[in-house]
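Enquirer: next comes the sequence, and after it the predicted model I'd like to discuss.
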Amino acid sequence: MKDVYLFSGFLGSGKTTLLKNIIQQAKEAGLKPAVFMNELGQMNFDSDAVEDGVPLKELLDGCICCTGSEKSEAQIQTLLAEEEFDLLLIETTGAAHPVEALDAIFSPLFAERLNFKGIITVADGKRWLDRGQLSPQIRSLFIEQIRHADLILANKMDLLSEAEQGKVTFELQGLNSSASILQTTHSKVPFSMLEKLTASKKGAVESAPVSKLNLNTRVFPFAKPVKREDFEAWLRALPETVYRIKGYVPLEGDKYPHAFQYAYGMAQWLPEYMKMNTQIVVIGEGIEGVELP
Ligand SMILES: Nc1nc2c(ncn2[C@@H]2O[C@H](COP(=O)(O)OP(=O)(O)OP(=O)(O)O)[C@@H](O)[C@H]2O)c(=O)[nH]1
């Protein structure tokens, strides 16, 4: 039996960061992880985060739930048939309801082969404190992701004061008293803590299905390099309902594009050392009017 862990959490909360940490730790423990990811939008930036040699399957353009769990089943079946691995790490899109995403894992096809260990939900502490600014549907998804977790990471603690850290932890625990909760920065959790999980039986899903969310994704290819100041001014002017941007941005004067991440008002630039497809994906509500600078 192969242990399966499901990583849940809102857009930009730190799931890919967790994935990278756990891949590293599992390898150090002599285990071979495989990864199954799905992405909202047709681009697979996050798969760049998975190092070579780790078996990886992706489901682009949607979440496990809304593109049909059959497709996910097929991908997992291929992984099982073609690859040697000890554990499976599944990163769901930030727009997925964690329980709906379980459908594929609990397929009778895998009953003898997969041992589901639990849902690990990464919650962005700052976003939690400011949840009043989210639309009701998005807020309820955020809450569902916490309620169904077996382990909650109260993440991005470095961005909060001690009092805020306490408040977040207390409130998250109040939503789900049966889950363990850990305060983290950059989703740092010992793999041994995940190994100790034994998943609780998941009940019926009561909340609004994700398909009713008004989340949209748009992909913007760059025709030419942009000035960093112009791009940053554009970011500041974006509506608050833009939750997530990722991609590769060509900057004037630089040979290679920069990997770019934006989550909840915070931008991160990382230099790249090779040619990448210069485009970004923007995820949010009411983003029809958004155009590149
Ligand atoms: N300051 C701070 N930044 C963090 C922390 N954890 C992750 N980040 C940053 O937050 C951004 C989003 O992190 P990811 O791990 O890509 O988030 P994700 O949940 O995989 O995002 P999606 O796949 O879009 O849902 C990145 O720029 C990370 O470097 C943290 O604890 N503190």
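Expert: That came in fine, so what should we check first?

Enquirer: now the strands for the stretch 151-293 of the chain?
Expert: Secondary structure of the stretch 151-293 of the chain (DSSP state E, counting those that start in this stretch): strands located at 151-155, 180-183, 215-221, 242-249, 258-263, 266-271, 279-285.

Enquirer: counting neighbours, what do you get for G253?
Expert: 7 (other CB atoms under 10 Å). (Glycine included, C-beta is placed from N, CA and C.)

Enquirer: quick one: residues contacting it.
Expert: Residues near G253 by CB atoms under 8 Å, 6 or more residues apart in numbering: P225.

Enquirer: report the separation between it and N277.
Expert: Per CB to CB, to the nearest Å, G253 is found 20 Å from N277.

Enquirer: same thing with F142?
Expert: From F142 to N277 the distance is 31 Å (CB to CB).

Enquirer: pLDDT below threshold where in the stretch 151-293 of the chain?
Expert: When residues are selected by pLDDT under 70, those of the stretch 151-293 of the chain lie in 199-213.

Enquirer: so which of the strands of the stretch 151-293 of the chain is nearest S107?
Expert: S107 lies closest to strand 151-155 among the strands of the stretch 151-293 of the chain, at 23.5 Å (CB to CB).

Enquirer: so, in contact with the ligand or not, stretch 87-97?
Expert: Yes: using CB under 6 Å from any ligand atom, stretch 87-97 reaches the ligand at G94.

Enquirer: which residue, other than its chain neighbours, is closest to F222?
Expert: Take F222 and drop its neighbours on the chain: the residue closest to it by CB to CB, 6 or more residues apart in numbering is T278, 4.3 Å away.

Enquirer: test my guess that the one you found contacts F220.
Expert: No: distance between T278 and F220: 9.6 Å, which falls outside the contact criterion (CB atoms under 8 Å).
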